[in-house]
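**Q** can you look at this prediction? I've put the sequence above it.
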Amino acid sequence: MASLTPVPVLELRGVDKRFFGTPVLNQVGLRLFPGEVHALMGQNGAGKSTLIKVLTGVYEADAGAMTLGGEAARPASPQQAQALGISTVYQEVNLCPNLSVAENIFAGRYPRLGPLGAWRIDWTGMNQRARALLGRLNLDIDVTRTLSSFSVAVQQMVAIARALSVESKVLILDEPTSSLDTGEVERLFDVLRRLRGEGLAILFVTHFLEQVYAISDRITVLRNGTLVGEYAAAALGPKALIAAMVGRELADGAAVDAGQLAVHEGEPLLQLRGLGQRGQLEPIDMDIRPGEVVGLGGLLGSGRTELAKLLFGLATPDTGELRVRGNTVRIGNPVDAVKHGLALCPEDRKTDGIVAELSVRENIILALQARAGLRRCLSDAQQNAMAEKYVKALGIKTADIDTPIGLLSGGNQQKALLARWLATDPSLLILDEPTRGIDVAAKQEIMDEILRLAAGGMAVLFISSEMSEVLRVSHRIVVLRDRNKVGELPAGCGEQAVYHLIADEAS
């Protein structure tokens, strides 16, 4: 760990923030030191995102003080925060895919030639400066190519280069690893270690506990909008960190392991026979029975999401057939899928799931109303009853059911999205990355709910990049590799069995 200076680069003291009269932050403090990676941890709804928005001038704090380099600071906008040396890289890379790498790094600040910058853009100088910035991150790419031609991992590095291009003192990384594979995460961490060595203060937000301990020097924990404490990472073990986040010790997940449940027999609810789509998924055979959780095991790009889209009518198969309760069906769109009792919680809840401007109530009843049709509008009483039922059943934390869902934490948005589909009483629930970007306790609650739904007779297709989650809730694991099905494994097989099957097929 780098030695700490007596004065933090940035410090918050006694910060309060309220929305619609509800306290979101209450007397919160934070200290960031140069040459340090500082993890900000807490459950969804703990106040992490709100705190970052106060730091970056998106929100104005209702009370409290902020100092930067020992001087009072109160940025009124992200532009002012950036001018002060506070730069942020968000989970969703907020760049322009149609522009070049160099243009993205200097967008809005293009260097110009001529008196007072009145003449043409200095393309040569801009490209040279872009290459130099990326070289600082140990990345050598053609900066004149469009950003969209590069992987998400490279785009993440470009976003960091843009943040560093304004002489940042503080770099805030909000879930930067959520879309990266293991190798890409390690390359990112190599960059963060280099920047830490240069004296930069880095605030790191993640839901992956192992990553916290791989890169962080210090940890601040929030719970329900209040500061639990600030800790040296080496002095706070994973169990203690979880206890600090949730306010209690978590039960051992193995106690509800699906491997202890009975093997399902009988007629399948869903049968796939040679179902595939050219260039997306090779023909696949698979059965799913009522009351069964079938997990999809495989690495990124193995075809898991492609299969979910085929089943829900978001893509059209060109081979094979799909049977529901023994009857061959054609699902050409999501409306067909819902009519046959299928439901899908998509991988990207913000883009493909929630409607951020609508209320929690409106988001929950959306699919049910769509199935009923515009001529059979649900009454206000029906909508309220349905929303209240699932807010209570799933423990959705919201001021009330008419709060815009965009103001909820990621975990609570995910629960509301799950509620939307449970309201349609589906026979098969397809969950694509339902725990991505949510905290440890919310993950456990969602996985427990999956097992409860299966125990009640619902069939579930469960997709997750976290193999431990797949193994915990699945009665069977269908293993995919390179968009091919390579085998099936029983519950309790262990992670190594899945990876060995993938590796054996690759050899």
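**A** All right, it came through fine.

**Q** C-alpha only now, for contacts and for neighbours.
**A** Noted.

**Q** below-threshold pLDDT in the chain: ranges please.
**A** Low-confidence segments of the chain, defined by pLDDT under 70: 1-6, 44, 91-93, 114-118, 178-181, 248-265, 300-301, 374, 437-438, 503-507.

**Q** domains in it, by residue range?
**A** What the record gives for the chain is the domain set 10-246, 253-341+428-506, 357-425, from automatic domain parsing.

**Q** for whichever strand or helix holds residue 187, buried residues please.
**A** Assigned by DSSP states H and E, residue 187 belongs to helix 182-197. The neighbour-count check on helix 182-197 (16 or more other C-alpha atoms under 10 Å) flags 185-186, 188-189, 191-196 as buried.

**Q** what's the closest of these to residue 98?
**A** Ranked by distance to residue 98 (C-alpha to C-alpha), these are led by residue 188 at 23.8 Å.

**Q** measure the closest one to residue 211 for me?
**A** Counting by C-alpha to C-alpha, to the nearest Å, the gap from residue 188 to residue 211 is 11 Å.

**Q** got a list of contacts for stretch 456-466?
**A** For stretch 456-466, the surrounding residues in contact (C-alpha atoms under 8 Å, 6 or more residues apart in numbering) are 269, 288-300, 304-305, 426-436, 450, 454, 470, 474.

**Q** in a helix, residue 132, correct?
**A** Yes - applying DSSP: H, G, I helix; E, B strand; the rest coil, one finds residue 132 inside a helix.

**Q** ok, it to residue 74 distance?
**A** Residue 132 is 31 Å from residue 74, by C-alpha to C-alpha.

**Q** the stretch 51-200 of the chain: helices as residue ranges?
**A** Ranges of helices in the stretch 51-200 of the chain, per DSSP state H, counting those that start in this stretch, are 78-84, 101-105, 123-136, 152-164, 182-197.

**Q** tell me how many other residues surround residue 376.
**A** Neighbours of residue 376 under the rule other C-alpha atoms under 10 Å: 10.

**Q** can I get the domains of the chain in CSV with distance to residue 349?
**A** Below are the domains of the chain laid out as CSV (distance: least, C-alpha to C-alpha, whole Å):
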stretch, distance to residue 349
domain 10-246, 12
domain 253-341+428-506, 9
domain 357-425, 7
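
**Q** mind checking those domains for the one nearest to residue 351?
**A** domain 10-246 (10.4 Å).

**Q** ok so, going back, most tightly packed of the helices of the stretch 51-200 of the chain?
**A** Ranked by average neighbour count under the criterion mean count of other C-alpha atoms under 10 Å, those are headed by helix 101-105 at a mean of 27.

**Q** roughly how far is that helix from the heart of the chain?
**A** Relative to its parent chain, helix 101-105 has a centroid offset of 25 Å by C-alpha atoms, centre = their mean, to the nearest Å.

**Q** do stretch 171-191 as well
**A** That offset, for stretch 171-191, works out to 13 Å (C-alpha atoms, centre = their mean).

**Q** picking up where we left off before, show residues contacting the helix holding residue 187.
**A** Taking C-alpha under 8 Å, 6+ apart as the rule, helix 182-197 contacts 2, 34-37, 137-138, 153, 157, 177, 202, 215.

**Q** tell me which of those fall in strands.
**A** 36-37, 202 (DSSP state E).

**Q** can you tell me which of those residues is closest to residue 20?
**A** residue 202 (31.5 Å).

**Q** that older thread, orientation of the helix holding residue 187 relative to helix 123-136 in degrees?
**A** Angle, helix 182-197 to helix 123-136, by axes from the mean of the first three to the mean of the last three C-alpha atoms, to 10 degrees: 100 degrees.

**Q** does residue 323 really touch residue 275, like I thought?
**A** No - with contacts counted by C-alpha atoms under 8 Å, residue 323 stays clear of residue 275, the gap being 10.4 Å.

**Q** more crowded one of those two?
**A** residue 275 (22 against 16).

**Q** which residues does the more buried one bridge with?
**A** residue 284 (DSSP bridges).

**Q** how about the strands in the stretch 401-507 of the chain?
**A** 428-432, 459-463, 476-481, 484-490 (DSSP state E, counting those that start in this stretch).

**Q** in the stretch 251-400 of the chain, what residue spans correspond to helices?
**A** Using DSSP H, counting those that start in this stretch, helices in the stretch 251-400 of the chain cover 304-311, 334-339, 360-364, 366-372, 380-394.

**Q** turn these into TSV, columns for mean neighbour count.
**A** Listed next are the helices of the stretch 251-400 of the chain as TSV, based on neighbours: other C-alpha atoms under 10 Å:
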stretch	mean neighbour count
helix 304-311	22
helix 334-339	18
helix 360-364	26
helix 366-372	17
helix 380-394	16
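
**Q** closest one to residue 22 among those helices?
**A** So among these, helix 360-364 is nearest, using C-alpha to C-alpha, at 16.1 Å.

**Q** contacts for that closest one?
**A** With C-alpha under 8 Å, 6+ apart as the criterion, helix 360-364 contacts 354-355, 383-384, 386-387, 401-405, 416-417, 419-421, 423.

**Q** which among the residues you listed count as buried?
**A** Looks like the contacts of helix 360-364 have 354-355, 383-384, 386-387, 401, 403-405, 416-417, 419-421, 423 buried, using 16+ other C-alpha under 10 Å.

**Q** now the angle from the helix holding residue 187 to helix 152-164?
**A** Using the same axes, to 10 degrees: helix 182-197 against helix 152-164 is 20 degrees.

**Q** so what's the gap between helix 182-197 and the chain middle?
**A** 20 Å.

**Q** could you do stretch 322-340 as well?
**A** 29 Å.

**Q** gap between the two ends of that stretch?
**A** 11 Å.

**Q** kindly report the same for stretch 84-95.
**A** 21 Å.

**Q** so what touches it?
**A** 56, 75, 81, 104, 155-156, 159-160, 163-164, 166-178.

**Q** ok, now with 6 Å
**A** Residues from elsewhere that reach stretch 84-95 (C-alpha atoms under 6 Å, 6 or more residues apart in numbering): 163, 168-176.

**Q** which of the residues you listed has the largest number of neighbours?
**A** In terms of neighbours by other C-alpha under 10 Å, these top out with residue 170 at 26 neighbours.

**Q** any idea how far residue 306 is from residue 45?
**A** In terms of C-alpha to C-alpha, residue 45 sits 31 Å off from residue 306.

**Q** if we can go back for a sec, dump the contacts of helix 182-197 to CSV, plus distance to residue 94.
**A** Rendered in CSV, the data for the contacts of helix 182-197 read as follows (distance: C-alpha to C-alpha, whole Å):
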residue, distance to residue 94
2, 31
34, 26
35, 26
36, 25
37, 22
137, 19
138, 21
153, 13
157, 12
177, 15
202, 19
215, 24
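
**Q** of all pairs in the residues you listed, which one spans the longest distance?
**A** 2 and 153 (26.7 Å).
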